[in-house]
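1. Show me the folded form of this:
(one chain, ligands or ions: 2)
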Amino acid sequence: MSETSLPPTERAPGAQPSLSRRSFLNLAGVGAGAAVAVGGRSALAAPATGEPDPNIVPVPEWTKTLGAPVNENPYGKPSVFEKDVVRREVTWLTASSQSSVSFTPLYALDSVITPNGLCFVRHHGGQAEIDPDKYRLMIHGMVDKPLVFTLEDIKRMPGRVNRAYFLECAANSGMEWRGAQLNGCQFTHGMIHNLFYTGVPLKTLLDMAGVNPKGKWVLAEGADAAVMTRSIPLEKAMNDCLVAFAMNGEALRPEQGYPVRLVVPGWEGNMWVKWLRRLKVGDQPWQQREETSKYTDLLADGRSRRFTFVMDAKSVVTSPSPQAPLKRKGPNVLSGIAWSGRGTITRVDVSLDGGRNWTTARLDGPAMPMSMTRFYLDFDWAGQELMVQSRAMDDTGYVQPTKQELRAVRGTNSIYHNNGIQTWLVRSNGETENVEVG
Ligand SMILES: Nc1nc2c(c(=O)[nH]1)N[C@H]1C(S)=C(S)[C@@H](COP(=O)(O)O)O[C@H]1N2
Ligand SMILES: [Mo]
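-> Ligands and ions are numbered 1, 2, ... in the order given. Next comes the predicted model:
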């Protein structure tokens with residue numbers, strides 16, 4: 001049942017039809033290729049012409065008429081002017097709409113929490129629509145007492161917690177192993193979201209069932225048509241995994257596994273089983289499809305790494321980036337995100353010259369373990385070409401590697417776990433492109 005058709009995301013990049021970045025831009029319709037006006041009118045740059053700004057003195061339409069009623073949208077929506085801030089697919093990565101991925105528009109977001117409607121979506125058998133009254137979660141296998149929980153059972157359980165965590169698909173940046181390919185951080189890095197989860201520690205449920213001392217692994221299974229199954233070491237399951245029913249304070253979205261998903265902090269997104277319906281305790285891993293033929297890292301010599309659970313420290317500058325070009329010379333703020341599956345981001349350095357010189361960026365907002373951290377670099381732009389990079393460090397002392405350093409260890413057969421340093425080339429007209437420095 002888990003044999004769904006494989007999207008090209010999971011195939012060797014060489015097997016994909018190659019498309020130039022330019023034509024990709026046209027396909028995606030992001031409009032980042034349009035010429036960027038450098039200079040122009042703003043509060044900071046008074047027009048040299050002395051023409052009055054028509055947006056200051058005349059009373060605008062929205063002041064002359066009454067606005068919309070308070071409850072026009074019983075469930076609120078973003079401003080109509082933000083209609084382009086949406087999840088997007090990559091046409092040639094979309095094998096079928098049921099086994100595919102749509103990407104988070106990172107270039108348009110700020111702070112550290114991803115809005116629920118913009119979280120990237122990755123599933124292998126379409127989106128299950130589960131009736132919460134019929135939802136059941138079973139715990140069985142090497143336990144004293146097999147148990148079945150209803151959604152209400154989980155929701156009324158004492159010991160509920162709130163935790164912010166990033167979820168990154170192991171295939172994030174997977175298309176970039178052999179060179180710069182996709183033109184926008186939405187596509188190169190957008191298989192990530194960062195949410196506040198509400199749920200019950202998995203340990204609470206496992207303790208209720210009573211894990212047999214020989215139990216060492218937990219199999220998590222989804223109720224979707226893909227019947228996603230992954231083996232999780234018991235130690236991790238007992239440490240910090242959650243059985244979550246809410247994201248950012250409201251019920252999980254159907255896309256994210258309504259009504260219940262597994263949260264596996266810091267570990268690859270594939271293990272975060274959505275529409276969770278079964279947990280089986282056993283004494284060894286089950287070697288399911290998603291942990292053998294998929295989500296293993298093929299090395300240069302043809303051998304594969306067995307399990308690569310943890311997502312290593314990584315970062316990307318979200319603005320400027322190809323979909324968020326630089327618009328004006330003078331004072332600017334560079335914005336980016338960093339995260340680490342091993343702990344807390346302690347420092348991010350930014351280079352504007354392709355890695356020759358580095359400046360320590362300003363971390364702002366909460367820096368929590370295994371959660372996204374926001375960084376800024378305030379800089380003055382004289383209109384020269386820039387090669388923008390960011391390099392994350394975490395509290396284990398780990399430093400994000402360059403792509404060259406990563407390839408020296410991993411070769412270029414890999415798809416998964418690409419956490420190499422990203423380079424954006426900012427041209428003197430502000431247009432920004434995905435490049436690599438040699
Ligand atoms: N049941 C189920 N769980 C699943 C999947 C799936 O197809 N079915 N996809 C996995 C993969 S590969 C990833 S990267 C994450 C994506 O989570 P998201 O859709 O919330 O972004 O869910 C994981 N959990
Ligand atoms: Mo994934």
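2. and the residue of the stretch 151-300 of the chain found nearest ligand 1, bridged to which residues?
-> The minimum distance from the stretch 151-300 of the chain to ligand 1, using Cβ to the nearest ligand atom, falls at residue 222 (2.3 Å). For glycine as for every other residue, the C-beta is placed from the backbone atoms N, C-alpha and C. Going by DSSP bridges, residue 222 is paired in beta bridges with residue 276.
3. looking at it, it is touching residue 256, isn't it?
-> No - proximity of residue 222 to residue 256 does not meet the contact threshold set by Cβ atoms under 8 Å, at 11.9 Å.
4. which neighbours do those two share?
-> By Cβ atoms under 8 Å, 6 or more residues apart in numbering, residue 222 and residue 256 have these common neighbours: residue 274.
5. Give me the neighbour count for the residue of the stretch 151-300 of the chain closest to ligand 1.
-> Under the neighbour criterion other Cβ atoms under 10 Å, residue 222 is assigned a count of 25.
6. and what of residue 51?
-> Quick note: residue 51 (other Cβ under 10 Å) scores 8 neighbours.
7. what do you get for residue 305?
-> When neighbours are defined as other Cβ under 10 Å, residue 305 has 13 of them.
8. Tell me who's in contact with the residue nearest to it when sequence neighbours are not counted.
-> Nearest residue to residue 305 in three dimensions, chain neighbours excluded: residue 297, at 4.3 Å (Cβ to Cβ, 6 or more residues apart in numbering). Under the criterion of Cβ under 8 Å, 6+ apart, the neighbours of residue 297 are 304, 305, 308, 410, 414, 415, 416, 417.
9. And the residues you listed, which is closest to ligand 1?
-> Nearest to ligand 1, judged by Cβ to the nearest ligand atom, of the contacts of residue 297 is residue 416 at 10.2 Å.
10. ok, of the contacts of residue 297, which one's closest to residue 94?
-> If you rank these by distance to residue 94 using Cβ to Cβ, residue 415 comes first, at 16.4 Å.
11. hang on, the closest one in a strand?
-> No - under the criterion used here (DSSP: H, G, I helix; E, B strand; the rest coil), residue 415 is coil, not part of a strand.
12. From residue 170, how far out is it?
-> When Cβ to Cβ, to the nearest Å is applied, the distance between residue 415 and residue 170 equals 8 Å.
13. What parts of the chain come near ligand 1?
-> Within the chain, the positions near ligand 1 by Cβ under 6 Å from any ligand atom are 119-124, 167, 169, 193, 222, 224, 226, 228, 255-256, 269-270, 272-275.
14. Narrow those residues to those in strands?
-> Secondary structure of the residues of the chain next to ligand 1 is defined by DSSP state E; positions in strands are 121, 122, 123, 167, 193, 222.
15. Put the buried members of these into a ChimeraX selection.
-> The following ChimeraX line selects those of those that are buried, judged by 16 or more other Cβ atoms under 10 Å:
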select :121,122,123,167,193,222
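16. Quick check: buried residues in the strand or helix carrying residue 152?
-> Under the criterion DSSP states H and E, the helix or strand holding residue 152 is helix 151-155. Neighbour-count burial for helix 151-155, with 16+ other Cβ under 10 Å as criterion, is recorded at 151, 154, 155.
17. export these to a markdown table and tack on pLDDT and distance to residue 59?
-> Supplementary listing: the buried residues of helix 151-155 in a markdown table, determined by pLDDT from 0 to 100; distance: Cβ to Cβ, whole Å:
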| residue | pLDDT | distance to residue 59 |
| --- | --- | --- |
| 151 | 98 | 52 |
| 154 | 98 | 54 |
| 155 | 98 | 51 |
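18. Now render these as a markdown table, adding distance to residue 58.
-> A markdown table is the format used below for the buried residues of helix 151-155 (distance: Cβ to Cβ, whole Å):
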| residue | distance to residue 58 |
| --- | --- |
| 151 | 55 |
| 154 | 57 |
| 155 | 54 |
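19. Out of the residues you listed, which comes closest to residue 402?
-> Using Cβ to Cβ, residue 154 comes nearest to residue 402 of the buried residues of helix 151-155, at 44.1 Å.
20. quick one: the closest one from residue 137, how far?
-> As it turns out, when the distance is counted by Cβ to Cβ, residue 154 lies 7 Å from residue 137.
21. anything in contact with each of those two?
-> Common neighbours of residue 154 and residue 137 (criterion: Cβ under 8 Å, 6+ apart): 205, 243, 260.
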